[in-house]
Structure formats: structure tokens, C-alpha cells
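> no sequence for this one, just the structure:
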């Protein structure tokens with residue numbers, strides 16, 4: 001029997017923090033703010049790793065786990081994209097190029113944007129069973145570190161960079177896979193380990209910035225090392241994530257039902273914010289301050305998700321349709 005796990009409210013907080021920072025980046029913020037918040041995607045992957053431990057344990061088999069993850073991630077995204085493109089057709093009286101539509105459904109970077117993160121979640125879900133077994137070995141971190149080092153060397157040499165299949169899969173699943181495993185293992189980390197991670201990642205990040213400054217006579221943006229993630233981007237992310245980890249064992253509770261609802265609806269909040277961004281760009285002047293844009297995007301998104309959940313609640317009270325689960329989470 002699988003034990004009942006007490007809800008970790010700090011994880012809810014981190015999910016909402018990561019989601020809020022991702023949305024913030026999409027409203028045209030200043031460079032310095034964009035630089036600071038650039039740990040949001042790794043934070044969400046880290047949390048995915050934390051949650052995957054219990055999620056995988058509750059699954060009957062590897063196939064059952066993967067089927068659930070694909071159902072919870074891919075179907076909602078495809079449903080949203082269908083709605084989005086139909087809306088775009090009526091809204092702007094023109095349909096986007098078919099290659100953009102196809103790349104969007106394939107979750108590629110050069111699509112409508114935004115949906116590439118779903119590809120990351122799916123790839124991480126695929127490696128969870130392997131990562132679970134890998135974590136059982138004493139020397140697993142040596143192997144993980146070696147694989148990551150090989151990835152960095154291959155990328156620096158330009159091997160596979162121009163191959164879409166390699167670049168969009170292997171060169172994302174390795175770095176984000178490391179972050180995922182960090183999340184899967186975080187309960188085994190002592191406070192001393194968290195301090196070591198925080199200090200070492202900070203030193204690596206600052207050392208790399210100084211190195212690039214000596215080469216280019218200016219500091220480089222972390223954003224330039226995000227697609228795919230490389231050591232400067234990841235060290236910056238681990239610096240913030242490990243700092244947050246120091247607070248994870250402290251008492252932290254979120255009792256507001258709307259906050260918990262948002263935490264349980266992060267995927268649809270993320271998807272609907274894409275539609276909200278479209279509306280804001282259409283109806284607000286480009287000169288509108290990003291704080292106001294952000295507030296309006298969040299407001300529109302939350303209203304849509306709230307109404308969506310109300311409709312699903314109503315339909316489920318009438319009859320238990322299993323397919324309705326796709327509109328939650």
C-alpha cells in the first residue's frame with residue numbers, strides 16, 4: 001500500500017512562483033528583471049521531479065505512468081492550440097502558416113512560442129522511470145556529471161547543433177534531466193548539502209560571468225545560454241533553486257482555496273495566458289507599462305481558468321465523464 005503523503009504547501013508556492021515568473025517574462029520586462037527571473041523554467045522542472053516521485057509510485061506500471069503524463073500534458077495543449085488557431089482565424093481573419101501550426105503541435109521552439117516547455121515536461125516524464133532506477137546507485141551523480149560534461153563538450157564543438165532532432169531532444173533532455181533528478185532527490189538532501197549547492201553554484205555563475213567579461217569586456221545575459229540550457233544558465237538557476245530548498249523544510253501553509261486551485265491548475269493557467277497575451281497585444285498600446293500588462297494578463301487568465309473549472313464542476317455533477325479530467329491540472 002502506498003502511504004498517504006502530506007501536502008507540501010511550499011511546493012504549491014514554488015509552482016506559483018515559477019509560473020508567475022514565466023508569465024512575467026512574456027510581457028516585455030526590462031533586461032535586468034528578465035535576467036533575475038531566468039530560473040523559472042528549471043524551477044518548474046525541479047518541482048516536477050519532486051512530484052514525480054509520488055506520482056510514479058502511485059502508478060501501476062511504467063506505461064501507466066507515461067500514459068497519465070501524456071494525457072495530462074499533451075491533450076490539454078493540443079486542445080488549447082486548436083482553440084487558439086480557430087480564435088486567431090476569426091480574430092485576425094487570417095490563418096498562420098501551416099508550418100507554424102505543425103511546429104506548434106510538435107511543441108517546437110520556432111512555433112507560436114511558449115509551448116516548447118510542454119516538450120520539456122514530456123521528455124522529463126519519459127526519463128523518470130530510468131532516473132528513478134539510476135538514483136538507487138551510489139555513484140549515480142558521477143555518471144550524471146559525466147553525461148552532462150559530455151553534453152557541454154559536444155555542444156561547444158557544434159556536434160548536432162544544426163540537427164533539429166538532436167538539438168530539440170538530446171540537448172534539452174540532458175540538462176533538464178539533471179534538474180529533474182535534483183528534484184527527485186531533494187528529500188535526501190541535508191541542509192548542509194543545500195548550502196553547498198547554493199554556494200558552489202553561485203561561485204560557478206560568478207566565475208563564468210567574470211570569464212565572459214574578461215573576454216568581451218561586458219557581462220553576458222543568462223538568456224543567451226537558455227536554448228538549449230548550458231552551464232551559465234543552469235548555475236544561475238541552481239543558485240536560486242538551492243536557496244529556495246533551504247526553506248522547504250520550514251513550516252509553510254497555504255490555506256486559501258483559490259491559491260490551491262491555481263496551484264492545481266498551473267497547466268491551463270500557462271496555456272490560457274498565451275491567449276491573454278494575444279488580447280493584450282491587440283488592445284493595449286505598445287507603450288503600456290509592463291506592470292499593467294502583467295496584471296491584465298494574470299487577471300484575464302485567472303478568470304478564464306476559474307470559469308473553466310466551474311463548467312467542469314457543473315458537468316461532473318451531472319455525470320462523471322472521465323475525459324473532463326483533461327481540463328484540470
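Everything's here; your move. Nothing here was measured: the structure is a model prediction, and the numbers come from that model.
> can you list the weak-confidence ranges in the stretch 51-200 of the chain?
Within the stretch 51-200 of the chain, the stretches with pLDDT under 70 are 93.
> state the pLDDT value of residue 1.
Each residue has a pLDDT score; the one for residue 1 is 41.
> what's the answer for residue 4, then?
Per-residue confidence (pLDDT) for residue 4: 43.
> my guess is residue 219 meets residue 212, correct?
Yes: at 6.9 Å, residue 219 counts as touching residue 212 under the criterion of C-beta atoms under 8 Å. Where you see a C-beta, it was placed from the backbone N, CA and C, and this is true even at glycine.
> those two: which has the busier surroundings?
Using other C-beta atoms under 10 Å as the criterion, residue 219 and residue 212 rank with residue 212 on top: 17 against 11.
> contacts for stretch 207-224, please.
31, 34, 35, 38, 231, 232, 233, 235, 236 (C-beta atoms under 8 Å, 6 or more residues apart in numbering).
> give me that answer again for 6 Å
Residues outside stretch 207-224 that contact it (C-beta atoms under 6 Å, 6 or more residues apart in numbering) are 35, 38, 232, 233, 236.
> next one: it to chain centre, how far?
25 Å (C-alpha atoms, centre = their mean, to the nearest Å).
> can you point out the buried residues in that stretch?
Neighbour-count burial for stretch 207-224, with 16 or more other C-beta atoms under 10 Å as criterion, is recorded at 208, 209, 212, 221, 222.
> find the pair from the residues you listed with maximum spatial separation.
The span of the buried residues of stretch 207-224, defined through C-beta to C-beta, is set by 208 and 221 at 12.3 Å.
> which residue of the chain lies farthest from its centroid?
In terms of distance from the mean C-alpha position of the chain, residue 318 ranks first, at 34.2 Å (C-alpha atoms, centre = their mean).
> quick one: buried residues of the helix or strand hosting residue 297?
Taking DSSP states H and E as the criterion, residue 297 maps to helix 290-318. For helix 290-318, a neighbour-count test (16+ other C-beta under 10 Å) marks 293, 294, 296, 297, 298, 300, 301, 302, 304, 305, 309, 312 as buried.
> format those as CSV; extra columns: distance to residue 186 and pLDDT.
Below are the buried residues of helix 290-318 laid out as CSV (distance: C-beta to C-beta, whole Å; pLDDT from 0 to 100):
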residue, distance to residue 186, pLDDT
293, 34, 96
294, 30, 96
296, 35, 96
297, 31, 97
298, 28, 95
300, 34, 96
301, 29, 96
302, 29, 93
304, 33, 94
305, 28, 93
309, 30, 89
312, 32, 90
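> and of those residues, the nearest to residue 201?
Residue 201 has its nearest neighbour among those in residue 294, at 28.1 Å by C-beta to C-beta.
> the closest one against residue 27, yeah?
Yes: between residue 294 and residue 27 there is a contact under C-beta atoms under 6 Å: 4.8 Å.
> buried set for the top helix by length along the chain?
As assigned by DSSP state H, the longest helix anywhere in the chain is helix 62-92. Neighbour counts using 16+ other C-beta under 10 Å place 65-66, 68-69, 72-74, 76-78, 80-81, 84-85, 88 of helix 62-92 among the buried residues.
> mind giving me the packing neighbours of that helix?
On a contact count with 3 or more C-beta pairs under 6 Å, 6 or more residues apart in numbering; DSSP states H and E, helix 62-92 meets helix 116-134.
> which of the residues in the helix it packs on are buried?
116-129, 131-132, 134.
> for it, name the packing helices and strands.
So helix 116-134, by 3+ C-beta pairs under 6 Å, 6+ apart, packs with helix 40-58, helix 62-92, helix 170-185.
> and these as CSV, adding distance to residue 265?
Shown next, in CSV, are these (distance: least, C-beta to C-beta, whole Å):
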stretch, distance to residue 265
helix 40-58, 14
helix 62-92, 10
helix 170-185, 21
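> give me the residues contacting stretch 42-52.
Contacts for stretch 42-52 (C-beta under 6 Å, 6+ apart): 11, 14-15, 18, 124, 128, 176, 179-180, 182-184, 186, 237, 241.
> likewise for stretch 116-126?
Residues from elsewhere that reach stretch 116-126 (C-beta under 6 Å, 6+ apart): 48, 69, 73, 77, 107, 109, 173, 176, 180.
> from the chain's centroid, how far away is it?
Per C-alpha atoms, centre = their mean, the centroid offset for stretch 116-126 relative to its chain is 8 Å.
> residue 22 sits in which helix or strand?
Using DSSP H and E, residue 22 maps to helix 9-25.
> show me what that helix is packed up against.
Looks like helix 9-25 contacts helix 40-58, helix 257-263, helix 266-283 (3+ C-beta pairs under 6 Å, 6+ apart).
> redo these as CSV? Include mean neighbour count and distance to residue 168.
Conversion of the helices and strands packed on helix 9-25 to CSV gives the following (neighbours: other C-beta atoms under 10 Å; distance: least, C-beta to C-beta, whole Å):
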stretch, mean neighbour count, distance to residue 168
helix 40-58, 21, 15
helix 257-263, 15, 29
helix 266-283, 19, 20
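> in a markdown table, list these along with distance to residue 99.
Below are those laid out as a markdown table (distance: least, C-beta to C-beta, whole Å):
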| stretch | distance to residue 99 |
| --- | --- |
| helix 40-58 | 25 |
| helix 257-263 | 35 |
| helix 266-283 | 19 |
